[in-house]
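Engineer: Here is the input, now give the coordinates:
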Amino acid sequence: MEDGLPTWDMARNVRREMMKFKNGKMPGRKKLRTHAYNIYVKENYKAFAAKLPAESASPEVIKLISVGWNSLTETEKQNYIDKALAEREEERQRQLSNATAEKKSDYNG
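Structural biologist: Sure, this is the predicted structure:
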């Protein structure tokens with residue numbers, strides 16, 4: 001680091017740490033909340049991608065999906081909102097059961 005720049009080893013270590021976090025391998029990292037729009041994207045991505053030429057990039061597909069989302073009626077969006085709320089509740093129940101299991105193992109161990 002004579003010229004003020006980090007060494008290659010330092011840069012490599014920083015990159016490794018960033019990749020751990022990016023891939024969700026960091027311990028204690030919480031799952032991101034599921035939103036209705038994310039569920040809509042997950043369910044409809046392939047259908048929208050099929051409407052575009054094969055060489056189309058992902059941002060073009062997402063733009064098309066966002067137009068589709070904005071054209072939905074409130075009742076159609078409500079289906080996705082309900083699914084998102086159900087997924088959030090399932091995640092909360094999983095976290096509670098994991099916390100309970102950890103407490104039991106602490107008492108037994």
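Engineer: how about the longest helix anywhere in the chain: buried residues?
Structural biologist: Using DSSP state H, we find that the single longest helix of the chain is helix 74-108. For helix 74-108, the neighbour count (16 or more other C-beta atoms under 10 Å) marks 80, 83, 84, 87 as buried. Yep, even glycine has a C-beta here, placed from its N, CA and C like the rest.
Engineer: Using the three-state scheme, assign the residue lying closest to the second one once chain neighbours are set aside.
Structural biologist: Distances taken as C-beta to C-beta, 6 or more residues apart in numbering place residue 39 nearest to residue 83, at 5.2 Å, with adjacent residues excluded. At residue 39 the chain is in helix, as set by DSSP: H, G, I helix; E, B strand; the rest coil.
Engineer: Do I have it right that residue 39 meets residue 85?
Structural biologist: No. Contact criterion C-beta atoms under 8 Å: residue 39 and residue 85 do not qualify, at 10.5 Å.
Engineer: okay, and the common contacts of these two?
Structural biologist: Here residue 39 and residue 85 share no contacting residue, scored by C-beta atoms under 8 Å, 6 or more residues apart in numbering.
Engineer: if I look at the residue lying closest to residue 35 once chain neighbours are set aside, how far off is residue 64?
Structural biologist: Spatial nearest neighbour of residue 35, excluding adjacent residues (C-beta to C-beta, 6+ apart): residue 84 at 5.7 Å. The gap separating residue 84 from residue 64 is 21 Å, by C-beta to C-beta, to the nearest Å.
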